[in-house]
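*Asks:* Take this sequence and fold it.
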Amino acid sequence: MTVLTTTPDAAASVDPLAELPPLISVEKAAAVMGFSRASAYRYIKAGELPSKKLGGRVFVVTAHLRALLTPDIPAPAEVVEVGDPT
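*Replies:* Next up is the predicted model:
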């Protein structure tokens, strides 16, 4: 008789966000987080889910999503435009 076993470490070490591009759709982010698209837009509007608007579409930054899901990873710093130093 053959018994198949899996180690919890192998299953836990898989990062579901590792293969995602830097920006993902709100729908994809909602699926990853486990809530509805409407809820995702509510969280974006409330400022709880960081997003970027590009070409009229709203995207979620994968790095921010990863930081939300894994508290030990710091959120990426925001880019701040600086004027001409002269």
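*Asks:* what ranges do the strands span in the chain?
*Replies:* 23-25, 51-54, 57-61 (DSSP state E).
*Asks:* Throw those strands into JSON lines and include mean pLDDT, distance to residue 71 and mean neighbour count, thanks.
*Replies:* Backbone N, C-alpha and C define where each C-beta goes, glycine included. Shown next, in JSON lines, are these (pLDDT from 0 to 100; distance: least, Cβ to Cβ, whole Å; neighbours: other Cβ atoms under 10 Å):
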{"stretch": "strand 23-25", "mean pLDDT": "95", "distance to residue 71": "20", "mean neighbour count": "16"}
{"stretch": "strand 51-54", "mean pLDDT": "93", "distance to residue 71": "20", "mean neighbour count": "12"}
{"stretch": "strand 57-61", "mean pLDDT": "95", "distance to residue 71": "17", "mean neighbour count": "17"}
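*Asks:* Next, the contact list for the closest residue to residue 52 other than its chain neighbours, please.
*Replies:* Nearest residue to residue 52 in three dimensions, chain neighbours excluded: residue 59, at 5.3 Å (Cβ to Cβ, 6 or more residues apart in numbering). Shown in contact with residue 59 (Cβ atoms under 8 Å, 6 or more residues apart in numbering): 23-26, 51-53.
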